[in-house]
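S.K.: Sequence and predicted model, in that order:
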Amino acid sequence: MDAFFEEHILYQIRIWIGKVLKAGLFKNPTVICCHRKKLIGFLYPEEIVKIFNAVNLKTHGEIRNYTILHLLYDSGARASEIASLQLDYFDPENRALSILGKGNRYRIVHLWPKTTSLVTDYILNYRTSPIPLFGNLLFINQWKRGLTRPGINKLCKKYLSKALSSKRIKDLSPVHSFRHYAEFLIMPSNIPHTGGSLAVWRFLLGIIRDF
């Protein structure tokens with residue numbers, strides 16, 4: 001099953017590279033290659049489930065962390081983007097989240113019902129009351145301050161270490177491993193509403209730099 005899944009991912013990558021090369025988006029296409037080797041930085045679906053199950057939902061902090069993990073998995077956001085989220089960026093009625101990404105550009109991500117429910121429950125019942133300076137931030141730490149990028153990386157590493165082997169973790173970036181999974185889920189060939197558009201795919205992930 002894992003070998004089949006890896007082959008499918010590689011196939012999608014080859015299609016994507018072919019489309020980009022055909023469109024002339026790479027300035028130096030001679031550097032592009034697609035070797036058959038182990039994928040690095042990618043979480044498999046069963047690993048995602050193990051990571052979620054590693055969270056002990058008995059404290060406010062753990063519920064916050066569980067919410068963050070689901071949000072990373074759902075949105076493909078970077079650690080810095082999660083850290084900068086504010087309360088009014090979240091629109092539960094429309095299941096939408098505004099994310100401030102690179103270049104100070106906003107994008108809107110539509111969330112799954114479960115993620116929307118988790119964020120709503122966290123805000124209403126488990127969010128620590130912050131000191132005034134951090135009053136608008138969505139995720140607050142035990143010192144009543146906003147979570148930081150290193151803090152989010154640390155909590156992700158904590159649950160990856162609980163769920164996966166040390167050998168497997170060596171190949172993973174704690175936060176980007178979720179982002180890489182989200183990249184595959186919303187590739188143009190996998191979601192009809194993009195119309196196969198690479199521009200839409202890049203927008204959904206907040207990729208703004210030129211190829």
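M.R.: Arrived safely, thanks for sending. Numbers count the residues shown, from 1 in each chain.
S.K.: Below-threshold pLDDT in the protein: ranges please.
M.R.: Along the chain, the parts satisfying pLDDT under 70 run over 1-41, 181-211.
S.K.: what's the domain layout of it?
M.R.: 1-39, 45-205 (automatic domain parsing).
S.K.: which residues in the protein form helices?
M.R.: All helices of the chain, identified by DSSP state H, fall at 2-23, 45-53, 60-75, 79-83, 113-121, 149-163, 166-169, 176-185, 198-205.
S.K.: Residue 113 touches residue 95, doesn't it?
M.R.: Yes: using C-beta atoms under 8 Å, residue 113 makes contact with residue 95 at a distance of 6.8 Å. Every C-beta, even on glycine, is put in place using the N, C-alpha and C of the backbone.
S.K.: Can you give me the buried ones in stretch 98-118?
M.R.: 99, 100, 101, 107, 109, 111, 115, 116, 118 (16 or more other C-beta atoms under 10 Å).
S.K.: just stretch 56-63 next, same as before
M.R.: Those would be residue 63, for stretch 56-63 by 16+ other C-beta under 10 Å.
S.K.: for it, how far is the first residue from the last?
M.R.: Using C-alpha to C-alpha, to the nearest Å, one end of stretch 56-63 lies 8 Å from the other.
S.K.: got a list of contacts for it?
M.R.: Residues outside stretch 56-63 that contact it (C-beta atoms under 8 Å, 6 or more residues apart in numbering): 55, 66, 121, 122, 126, 128, 142.
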